[in-house]
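S.K.: sequence-free structure coming up:
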């Protein structure tokens with residue numbers, strides 16, 4: 001089912017999203033990859049504030065290529081989400097509402113998604129140029145020294161994703177395999 005949501009979004013809105021739903025996100029999302037997640041994790045360990053309030057927000061695991069003339073961002077495809085699995089449960093416990101990446105997640109992440117009424121979305125890998133067309137603006141807000149891994153604030157319109165893990169723990173990567181195996 002196709003759904004449209006505004007980001008940031010509430011736990012109530014997250015609970016309306018089901019594994020397998022096609023979702024179009026409009027609003028503000030943030031980018032962060034491995035190095036930025038490590039820094040945020042270390043900041044939390046020291047009792048410091050994060051560069052942005054994660055509550056009800058979405059983090060997109062993406063490091064863009066340089067922007068072409070007249071565009072706010074270059075190719076903006078997802079990176080492998082499992083590289084953030086070590087850090088994701090802590091951010092979800094702080095109220096992070098959604099994550100966008102590609103690939104499977106650890107069970108600890110699935111449990112944190114359920115515990116916090118969150119959602120894990122997948123964006124189509126290899127379609128970074130197409131995905132960038134849904135990005136209206138891009139602004140580095142933290143860790144500029146990390147280059148493409150700096151944290152960016154993005155304004156997006158109808159950014160296309162698929163719900164992989166919903167707030168009930170249903171995992172599209174598992175259920176799709178079972179559906180495929182079933183005989184007609």
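M.R.: Okay, I see it. As the structure is a computational prediction, the values presented were derived from the model and not from experiment. Numbering: from 1, shown residues only.

S.K.: packing partners of the strand ranked longest in the chain?
M.R.: Secondary structure of the chain per DSSP state E: the longest strand is strand 151-165. In terms of contacts (3 or more Cβ pairs under 8 Å, 6 or more residues apart in numbering; DSSP states H and E), strand 151-165 is packed against strand 22-31, helix 107-116, strand 119-122, strand 135-142, helix 172-181. C-beta here means a position set from N, CA and C on the backbone, and glycine is covered the same way.

S.K.: pick the most deeply packed of those.
M.R.: Across these, averaging neighbours per residue (mean count of other Cβ atoms under 10 Å) puts strand 119-122 on top, at a mean of 26.

S.K.: ok, back up a step: which of the residues in the longest strand of the chain are buried?
M.R.: Of the residues in strand 151-165, 151-156, 159-165 count as buried by neighbour count, 16 or more other Cβ atoms under 10 Å.

S.K.: do the same with stretch 2-17
M.R.: Result for stretch 2-17 [16+ other Cβ under 10 Å]: buried residues 5, 7, 8, 9, 13, 14, 17.

S.K.: restricted to helices, list those residues.
M.R.: 13, 14 (DSSP state H).

S.K.: so which of the buried residues of stretch 2-17 comes closest to residue 61?
M.R.: Distance to residue 61 across the buried residues of stretch 2-17 (Cβ to Cβ) is lowest for residue 7, with 15.1 Å.

S.K.: any chance of JSON lines for the buried residues of stretch 2-17, columns pLDDT and distance to residue 127?
M.R.: Below are those laid out as JSON lines (pLDDT from 0 to 100; distance: Cβ to Cβ, whole Å):
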{"residue": "5", "pLDDT": "98", "distance to residue 127": "20"}
{"residue": "7", "pLDDT": "98", "distance to residue 127": "20"}
{"residue": "8", "pLDDT": "98", "distance to residue 127": "24"}
{"residue": "9", "pLDDT": "98", "distance to residue 127": "23"}
{"residue": "13", "pLDDT": "98", "distance to residue 127": "25"}
{"residue": "14", "pLDDT": "98", "distance to residue 127": "24"}
{"residue": "17", "pLDDT": "98", "distance to residue 127": "21"}
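
S.K.: so which pair among the buried residues of stretch 2-17 is furthest apart in space?
M.R.: 8 and 17 (14.0 Å).

S.K.: if we can go back for a sec, now the angle between strand 135-142 and the longest strand of the chain, please.
M.R.: Angle, strand 151-165 to strand 135-142, by axes from the mean of the first three to the mean of the last three Cα atoms, to 10 degrees: 120 degrees.

S.K.: quick one, strand 151-165 and helix 107-116 angle?
M.R.: For strand 151-165 against helix 107-116, the angle by the same axes, to 10 degrees is 90 degrees.
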